[in-house]
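sequence first, then the predicted structure:
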Amino acid sequence: MRSIPTQALILFALYVFAAPAHGQNTASETGGTTRDSFSSKAYPVLENAQCRACHSDSGVASGTRLHFPAPDASQQEIESFGLGLAALVDTANPADSLLFGKPTNRIKHTGGERILQGSEDERILRAWVERLAGVSKEQQRAAVEQAVSAARRVAARPAAARRLTHAQYNNTVRDLLGDFTRPANQFPQEDFINGFKNQVDGQSISPLLAEAYGQAAENLARTAFLGGDRNRLVPCQPTGASDEQCADRFVRRFGTKAFRRPLSDKEAGAYRALFAVEAGRENDFYKGAQIVVEAMLQSPHFLFLSERGRSSPWYSHEVASRLSYVLWNTAPDDELLREAAEGRLATPEGVERTARRMLDDPRARGAMDEFLAQWMRFDRALTAIRERRLFREFTPELAGSMVEETRRLFHHLAWSDASFMEFFTANYSFVSSDLAALYGCPAPAEEFGRVEFPPDSGRAGVLGQALFHTVTSKPADTSATERGLFIREHFLCQKVPPPPPGVNATLPTVTDEKPMTNRERLAVHLNNETCSGCHRLVDPIGLGFEQYDAIGKFREKQVVKIYPTRDEDMNNRKKRPVEHVLDIDTSGWVAGIPGSEFSTPRQLGKVLSENAGCQKCVVKQLFRYAFGRQETAADQPAIDAAFDRFRDSGFRFRELIVSLVTSRAFLGGES
């Protein structure tokens with residue numbers, strides 16, 4: 001097992017202790033929760049203050065020493081967490097402790113005043129801080145050692161079964177049956193969870209989806225044998241409807257491809273029996289084959305990817321399926337199944353050789369395109385609606401060009417083995433003539449040819465592209481909040497707490513008497529203590545992009561148009577809107593990243609490209625997509641190893657992929 005970095009263990013110690021130090025009684029030791037225990041007094045105060053939202057591995061304060069336990073942590077873990085907070089206490093001057101000063105904003109706190117000064121909650125926190133001031137260094141050290149032991153005992157995630165995504169379903173029936181109708185496009189829409197549509201937490205099968213699977217299987221099977229065996233699914237020439245030997249060969253061959261592993265004798269027998277009934281009833285061999293195909297396409301062995309790990313009798317075939325659906329987004333081909341059967345995927349070295357071969361296949365580009373499309377939310381651009389009076393250039397064709405521009409940059413970096421961090425800093429792009437006109441740069445020699453951004457444009461990388469500006473805007477204007485939120489969640493892998501219940505998020509109405517820029521309107525949130533804790537984490541980022549409108553076009557000034565009301569319009573239909581031309585302040589910064597002040601996408605792109613949190617976020621995003629779930633504490637060594645390899649390779653995207661698919665976490669062992 002790869003050694004766990006000391007820093008990670010210390011962070012782990014702050015939120016998962018195996019047990020408190022000797023001499024410290026916990027509720028579990030005393031037979032229940034005491035009235036003065038941490039879990040009954042101080043912990044609820046911190047929870048109500050929403051500290052966990054930022055102080056977690058995926059929170060805005062993920063880089064700090066304070067990480068909260070999981071929401072489902074045991075009482076003993078919570079009590080141990082409370083004891084571990086002694087590391088944030090100044091034993092000589094408890095009132096000056098970070099644990100007391102930060103949440104009350106007595107010490108400058110990015111999250112603002114989470115616990116009101118002078119409140120009962122502050123008194124409870126102060127009492128716990130003073131109690132911790134008496135915890136000795138030896139007790140703290142013992143707690144950390146116990147936490148290290150607990151971290152090393154963290155078991156691998158239990159076996160899971162992931163459903164094929166709609167894209168994977170379409171690709172699989174295409175390769176299995178030669179069917180290009182993409183039937184899953186008609187299935188119920190998939191939800192984005194953890195930023196992606198393939199997450200196991202959102203992959204239950206509703207009655208509506210089950211019905212869709214049944215209808216699709218029936219249609220696919222019928223079409224497959226219209227006019228005979230056009231796609232040569234049957235590997236032999238049947239001598240009649242009851243040719244048992246040919247039926248067995250068909251069942252085993254098709255079953256191996258559909259289930260992505262050989263069928264057991266019991267399974268093969270059951271499908272042969274089904275075949276015989278239908279073929280005999282219709283006196284038609286291919287009617288028997290059709291019913292087998294229909295049944296197999298509704299089997300859990302087809303619809304789900306089994307991940308039982310090394311305990312599975314078909315372990316190598318499971319690895320082949322995992323590789324294929326990550327690297328090709330479809331089922332394993334004959335060569336990959338053969339490698340599994342021959343045991344060539346039984347070691348990380350064998351998997352790496354196969355993975356590198358697969359990455360050289362054109363199918364790998366299509367699979368990574370799916371990752372990119374979900375990570376960058378292409379769907380939002382392709383379905384975006386814009387106020388026609390304000391954005392006459394915006395058309396479905398232009399939205400398609402925005403998506404293609406980002407895809408071309410990704411392809412260039414990922415498949416030419418350039419530094420992937422140029423995704424944020426590239427002073428060039430691949431644009432259509434329409435995008436070139438939008439950007440005010442020279443048209444390319446050919447559509448989506450490479451062009452250099454003018455030095456004074458401020459554009460660079462994905463943050464300078466119209467796609468980013470469009471997916472983070474509203475129909476009639478930009479949204480600094482959405483832009484800041486997108487950067488936090490997609491490029492820093494941080495979760496920003498949701499607004500408290502009942503908060504009025506309405507911004508001041510712009511009037512002819514009082515026209516305001518977006519920065520001036522958002523100041524209402526930043527000056528409201530209820531809203532400011534979250535908005536100061538995102539708004540200052542988004543406001544740095546205010547010179548780029550809701551479709552990514554540069555603007556020197558913000559033009560605020562005051563349209564006549566409905567009554568006024570009825571009285572004077574020819575009355576034009578009143579326009580106010582306002583100066584734009586593009587100063588921005590990223591709270592939590594020192595020296596992150598910026599005023600252009602190019603400047604922020606440089607900040608992000610050099611930030612370890614952003615670099616590691618690329619690793620986490622690909623991990624979530626490849627594994628179909630969010631990372632856990634048990635996955636940290638695998639993520640750290642992938643990040644090290646990614647960084648040491650000069651941020652080559654292929655090396656990141658190879659590192660993840662050869663990790664023990666991916667191959668069904670411990671991280």
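Received the coordinates, thanks. Residues are numbered from 1 along each chain as shown.

nearest the middle, which residue of the chain would you pick?
Gly195 (3.3 Å; CA atoms, centre = their mean).

where exactly do the strands run in the stretch 101-250 of the chain?
According to DSSP state E, counting those that start in this stretch, the stretch 101-250 of the chain carries its strands in the segments 160-163.

burial count for the nearest residue to Lys257 once chain neighbours are set aside?
Excluding the flanking residues, the one nearest Lys257 by CB to CB, 6 or more residues apart in numbering is Leu176, at 5.9 Å. In this view, the C-beta of every residue, glycine as well, is placed from N, C-alpha and C. Leu176 has 21 neighbours, counted by other CB atoms under 10 Å.

residue contacts, Leu176?
By CB atoms under 8 Å, 6 or more residues apart in numbering, the residues touching Leu176 are Lys257, Ala258, Ala331.

tell me the one of those nearest Gln75?
Ala331 (46.0 Å; CB to CB).

got a pLDDT number for the closest one?
Listed pLDDT for Ala331 reads 98.

what helix or strand does it sit in?
Using DSSP states H and E, Ala331 is not contained in any helix or strand.

and it, how far is that from Thr256?
From Ala331 over to Thr256 the distance is 11 Å, taken as CB to CB, to the nearest Å.

more neighbours, the two?
Legend: neighbour count by other CB under 10 Å for Ala331 and Thr256, higher for Ala331 (25 against 18).

thinking the more buried one is in contact with Lys257, fair?
Yes: counting by CB atoms under 8 Å, Lys257 is a contact partner of Ala331 at 6.9 Å.

was I right to think Pro69 contacts Gln76?
No: taking contacts as CB under 8 Å, Pro69 lies outside contact range of Gln76: 10.3 Å.

which residues touch the residue nearest to His469 when sequence neighbours are not counted?
Nearest residue to His469 in three dimensions, chain neighbours excluded: Gly552, at 3.7 Å (CB to CB, 6+ apart). Contact analysis of Gly552 by CB under 8 Å, 6+ apart lists Met402, Leu438, Tyr439, Gln465, Ala466, Leu467, Phe468, His469, Thr470.

wait, which of these is closest to Lys41?
Using CB to CB, Phe468 comes nearest to Lys41 of the contacts of Gly552, at 45.3 Å.

roughly how far apart are the closest one and His411?
17 Å.

so Arg664 touches Ala638, yeah?
Yes: with contact defined as CB under 8 Å, Arg664 counts as touching Ala638 (6.7 Å).

which of those two has more neighbours?
Each of Arg664 and Ala638 has its neighbours counted (other CB under 10 Å); Ala638 has more, 23 against 16.

which residues touch that one?
Ala638 is in contact with Phe623, Leu660, Ser663, Arg664, Ala665, Phe666, Ser671, counting by CB under 8 Å, 6+ apart.

just the pLDDT for the last one.
Spelled out, it's Ser671. For Ser671, the model assigns a pLDDT of 38.

for the third one, same thing?
As summarised for this prediction, Ser663 has a pLDDT of 95.

any idea what sits nearest it, other than its immediate chain neighbours?
Nearest residue to Ser663, sequence neighbours excluded (CB to CB, 6+ apart): Ala638, at 4.2 Å.

helix or strand: which one has that neighbour?
Ala638 belongs to helix 636-648 when elements are defined using DSSP H and E.
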